[in-house]
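Here is a sequence together with a model predicted from it:
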Amino acid sequence: MLRYGIFYSPPSRQYDAGDAQVRILTVDNESVVRETVRNLPDSFDKPYVIAEELIEIPGAEVRVVPADFESDATNKARAVEWARQSIPSKREFTLYLDEDSHMLEFGGFPDADIIQFNEFPRKTSSLLTYFCEINRIGFQIEQTSFPRVKIPLYAWGGGIAIRKSVEDEITWDYPTVIEDTVFMWRAFTELDREVSFAYIPDRISNQAPPNFWEMFQQRRRWIAGSREDFQILSVDRILMYGIRDLSWSATGVIPVLAVIGLLPGIDIFFAEMYLVTSLVLLGFMYIWIIIGLLRYRPSIPIAIAVLILAPLTTILHSFGALWGIISPPDTFEITAKVDDNSQEDEFSTPASSEDPTQNSYD
């Protein structure tokens, strides 16, 4: 990150909206997808909505994945692979959005095989999970270094564009629960040519998990999925990922260590060294959180709350990762989504009486 990311500058844009076919993935979240389509810039052609059940989405063409479609891929990857095989496209790119991905800005596509947009979480029914997402955005500053590393660490499928020729060569026909990241790993390791990756700062807003349980399950699936597919990578990448996963899952211990060192009446060997070390670790934790605030730029009250509650949200953010290492999930758990019309914040519309919880692929 220090070597490649700190002086990162976004690439020039050489393609416009007409060079991409938009595909939005969902199970059957009609109200959520309608808002995503409504927030798509007018410069894009009518998007395709790839669903498991027939739904009505004004301004989009809905395609339902047949129940008898056979593929090594499962869940979301199965739907993406069916769409790749069934929906013709002569565009340079396929732009993939999650059902809750609201495109806040778009300045064109650079000349790259895989293009990652900037994730920008929005609040749903839980304020604390929203704070956790702001914290996570600080850690994701590392994405600015991905265009220059041998294999990027991960991809976010809620806002990603893939060159059509690369997509057809690699395909999505692979069993995994983190199809976006694994597709990228396979592209970098299987193609007999150099693959290019670009990160652009154009923001795509996505929903923060609606409650702690959904957030824990989400993080658990992310970390367990990547560990299951380590065999794609070289030994040096596996070691780097292993250290990263352990550090993520152990981050929640940092506030606890600091509190123990400050409590009176507790005897600790090398107490002064312990206290200094725990406070230094706590300082690093706050550095990443401040980076998240600088990237996200929330209102002043939200920023103050994030700083005050940082020890708690750090513990909550790391719990799902620790759970995924100790006990990987046996099944693919979908993440509940919230009807955007029921939310009242700076990125949503007035409240609605519709059922606020939905299912998704995320």
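In hand now; what should we look at? Numbering: from 1, shown residues only.

Now for residue 209: which residues touch it?
Contact analysis of residue 209 by Cβ atoms under 8 Å, 6 or more residues apart in numbering lists 124, 126, 129, 133, 215, 218, 335, 336. Glycine gets a C-beta too; all of them are placed from N, C-alpha and C.

any idea which helix or strand carries residue 285?
helix 271-296 (DSSP states H and E).

Just name whatever secondary elements that helix is in contact with.
On a contact count with 3 or more Cβ pairs under 8 Å, 6 or more residues apart in numbering; DSSP states H and E, helix 271-296 meets helix 127-139, helix 253-262, helix 300-308, helix 310-326.

Looking at these, spot the one closest to residue 153.
If you check each of the helices and strands packed on helix 271-296 against residue 153 by Cβ to Cβ, helix 127-139 wins as the nearest, at 10.6 Å.

Just give me the residue right at the centre of the protein.
Per Cα atoms, centre = their mean, the C-alpha nearest to the average position across the chain is that of residue 156, at 4.0 Å.

Hmm, that residue is touching residue 180, no?
Yes: counting by Cβ atoms under 8 Å, residue 180 is a contact partner of residue 156 at 6.7 Å.

Show me the helices in the stretch 101-250 of the chain, by range?
Here the stretch 101-250 of the chain has its helices, by DSSP state H, counting those that start in this stretch, at 127-139, 164-170, 179-190, 212-228, 235-250.

any chance of those helices in TSV, plus mean pLDDT, distance to residue 293 and mean neighbour count?
Below are those laid out as TSV (pLDDT from 0 to 100; distance: least, Cβ to Cβ, whole Å; neighbours: other Cβ atoms under 10 Å):
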stretch	mean pLDDT	distance to residue 293	mean neighbour count
helix 127-139	92	7	22
helix 164-170	97	35	17
helix 179-190	94	26	22
helix 212-228	86	19	20
helix 235-250	84	19	15
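
Same list, those, but as a markdown table with distance to residue 11 please.
A markdown table is the format used below for the helices of the stretch 101-250 of the chain (distance: least, Cβ to Cβ, whole Å):
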| stretch | distance to residue 11 |
| --- | --- |
| helix 127-139 | 21 |
| helix 164-170 | 17 |
| helix 179-190 | 17 |
| helix 212-228 | 26 |
| helix 235-250 | 24 |
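
of all those, which lies closest to residue 108?
helix 164-170 (16.8 Å).

Could you list every helix and strand in contact with the closest one?
So helix 164-170, by 3+ Cβ pairs under 8 Å, 6+ apart, packs with strand 93-98, helix 179-190.

Can I get those in JSON lines including distance to residue 298?
As requested, the helices and strands packed on helix 164-170 are exported to JSON lines (distance: least, Cβ to Cβ, whole Å):
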{"stretch": "strand 93-98", "distance to residue 298": "22"}
{"stretch": "helix 179-190", "distance to residue 298": "26"}
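
nearest to residue 75, of those?
When the helices and strands packed on helix 164-170 are compared (using Cβ to Cβ), the closest one is helix 179-190, at 8.0 Å.

Residue 227 is nearest to which of the helices and strands packed on helix 271-296?
With distances scored as Cβ to Cβ, the stretch of the helices and strands packed on helix 271-296 nearest to residue 227 is helix 310-326 (7.3 Å).

Buried residues of the closest one, list them for me.
For helix 310-326, burial by neighbour count (16 or more other Cβ atoms under 10 Å) applies to 310-311, 313-325.

Dump that helix to CSV, restricted to CA.
Taking Å, rounded to 0.1, in the frame of the first residue of the first chain, the C-alpha atoms of helix 310-326 are listed here in CSV:
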residue,chain,number,x,y,z
ALA,A,310,-14.7,2.8,17.3
PRO,A,311,-13.6,0.2,19.9
LEU,A,312,-17.0,-1.4,19.8
THR,A,313,-17.5,-1.3,16.1
THR,A,314,-14.0,-2.7,15.6
ILE,A,315,-14.9,-5.7,17.7
LEU,A,316,-18.2,-6.2,15.9
HIS,A,317,-16.5,-5.9,12.4
SER,A,318,-13.9,-8.5,13.2
PHE,A,319,-16.2,-11.0,14.9
GLY,A,320,-17.6,-12.4,11.6
ALA,A,321,-14.1,-12.9,10.2
LEU,A,322,-13.1,-14.8,13.3
TRP,A,323,-16.2,-16.9,13.1
GLY,A,324,-15.4,-17.7,9.4
ILE,A,325,-11.9,-18.9,10.3
ILE,A,326,-13.1,-21.0,13.2
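
The next helix or strand after it pairs with which strands?
Per DSSP H and E, the first helix or strand lying C-terminal to helix 310-326 is strand 337-338. Paired neighbours of strand 337-338 in the sheet (DSSP bridges): strand 357-358 (antiparallel).

Can you name the residues that contact the closest residue in space to residue 34 that isn't next to it in sequence?
Among residues not flanking residue 34 along the chain, residue 57 sits closest, at 5.8 Å (Cβ to Cβ, 6 or more residues apart in numbering). Under the criterion of Cβ under 8 Å, 6+ apart, the neighbours of residue 57 are 30, 33, 34, 37, 49.

in a helix, that's where residue 57 is, yeah?
No: counting by DSSP: H, G, I helix; E, B strand; the rest coil, residue 57 is not found in a helix; it is coil.
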